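Chemist: I need the structure of the sequence given here:
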Amino acid sequence: MATRKSARVVPLKGREKRRRERDLVACGKAVIDAEAAALECLALDSSFATAVEWILSCRGRVVVTGMGKPGFVAQKLSSTLSSTGTPSHYLHPAEAAHGDLGRVTEEDLVLALSNSGETEEILRLLPALHRIGARLVAFTRDRASPLARGSNLVVPLGRIEEACPMGLAPTASTAALLALCDALAMTVLKNRPFDRDAYALYHPGGKLGRGLMKVRDVMRAGDSNPLVEEDAPLARAVAVMTKTRDRPGACTVVDAGGRLVGVFTDGDLRRLVEKGRVPTRAPIREFMSTGPRTVRPDAEVADAARVLREARVDQVPVVDPEGRPVGLLDVQDLLAARVL
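Modeler: Numbering: from 1, shown residues only. Got it, this is the predicted structure:
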């Protein structure tokens, strides 16, 4: 049995060190060049288009399977499909042979990833998949392999030389397979109804998804939206700001028709106190800030955050097309939603 021996590393100096660094960088660059060449050799044909059409018309789920390194690519493909509007799950071929094939139905489409097309764990599933009635697409080296012959459709990778010095470890072939799967998923995405709102729906916990959330999802509305009419006394505005749930630190001022005319904030009140004058019975319109920046409820939260930063304010009114305040967005709401 071969044992792994740890070599004693001798620190290099001067010219030897620089030569060693050049050799290591050259080795890394050769790997990148080999993988780039593999991508350039990918030649998509009508089989790729058919695979896309089958995914778009699939009434069940897209089941992706692969073993070893292609298995990791399969998991990534399944995840990308799921997050962009195509229901999908990954099926481990070894576990599938021990009961997980029950996850596959005749309405599903199975994508099998294997560079050699000779992966034993996948080949073992073919008879059962045929009996279930699910269509099978093979992503493999050529159309002559056992996997290719047992599939309904073959998307060939072509023969790819690995970047491994021994020509054994999956490297260039894995890069090519990953690129092919990304091309497949993005082509499917471009040809199915799926927009930024849907993307945000499927990514509520990620920064990208949170940035695509709508203002209406995080704004303060209803009883949490502090409103006062412009004729209301200053004391009334302060009371509304204090009694509104979560104390937003501002209130929106409206005219008799309910349209936005200004905003009054804690900062405005503090400046009045510093001047030594707090005329509590005077109408709020004398102290409010006019012409405030606003956002719409269907605006993306990321855009609203930009408005707050540019205006250097902590609150921004949310108005409808007629200019009526329907909510208030506070910087604390963005912090709670983890947008900032």
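Chemist: Looking at the protein, which helix is longest?
Modeler: Determined from DSSP state H, the single longest helix within the chain is helix 14-40.
Chemist: which stretches of the protein form strands?
Modeler: Using DSSP state E, the strands of the chain run over 62-66, 88-91, 109-113, 135-140, 153-156, 227-229, 250-254, 260-265, 289-290, 315-319, 325-330.
Chemist: Pull the residues that contact the third one.
Modeler: With contacts defined as Cβ atoms under 8 Å, 6 or more residues apart in numbering, strand 109-113 is touched by 51, 54-55, 58, 60-66, 70-71, 73-74, 77, 91, 104, 122, 129, 134-140, 147, 151, 177, 181. Every C-beta, even on glycine, is put in place using the N, C-alpha and C of the backbone.
Chemist: Using CSV, lay out the strands of the chain together with distance to Val238.
Modeler: Output for the strands of the chain, formatted as CSV (distance: least, Cβ to Cβ, whole Å):
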stretch, distance to Val238
strand 62-66, 58
strand 88-91, 55
strand 109-113, 63
strand 135-140, 67
strand 153-156, 68
strand 227-229, 10
strand 250-254, 9
strand 260-265, 9
strand 289-290, 15
strand 315-319, 15
strand 325-330, 16
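Chemist: possible to save these as a markdown table with mean neighbour count and mean pLDDT?
Modeler: Converted to a markdown table, the strands of the chain look like this (neighbours: other Cβ atoms under 10 Å; pLDDT from 0 to 100):
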| stretch | mean neighbour count | mean pLDDT |
| --- | --- | --- |
| strand 62-66 | 27 | 98 |
| strand 88-91 | 20 | 96 |
| strand 109-113 | 28 | 98 |
| strand 135-140 | 25 | 97 |
| strand 153-156 | 22 | 96 |
| strand 227-229 | 19 | 93 |
| strand 250-254 | 27 | 93 |
| strand 260-265 | 22 | 93 |
| strand 289-290 | 12 | 90 |
| strand 315-319 | 24 | 92 |
| strand 325-330 | 23 | 92 |
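Chemist: Could you find the closest non-adjacent residue to Pro193?
Modeler: Leaving aside its chain neighbours, Pro193 sits nearest to Gly85 (7.7 Å; criterion: Cβ to Cβ, 6 or more residues apart in numbering).
Chemist: dump the residue contacts of Arg141.
Modeler: Asn115, Ser116, Gly117, Pro156, Leu157, Gly158, Arg159, Ile160, Ser173.
Chemist: From Leu136, how far out is the fourth one?
Modeler: If I follow you right, that is Pro156. For Pro156, the distance to Leu136 equals 15 Å [Cβ to Cβ, to the nearest Å].
Chemist: centre of the chain versus the longest helix of the chain, how much separation?
Modeler: Mean-position distance between helix 14-40 and its chain equals 33 Å (Cα atoms, centre = their mean, to the nearest Å).
Chemist: buried ones in that helix?
Modeler: For helix 14-40, a neighbour-count test (16 or more other Cβ atoms under 10 Å) marks Val31, Ala34, Glu35, Ala38 as buried.
Chemist: is it true that the last one touches Ile160?
Modeler: Put plainly, it is Ala38. Yes. Contact status for Ala38 versus Ile160: in contact at 4.8 Å, counting by Cβ atoms under 8 Å.
Chemist: tell me, what's touching those two both at once?
Modeler: With Cβ under 8 Å, 6+ apart as the test, Ala38 and Ile160 both reach Ala172, Ser173, Ala176.
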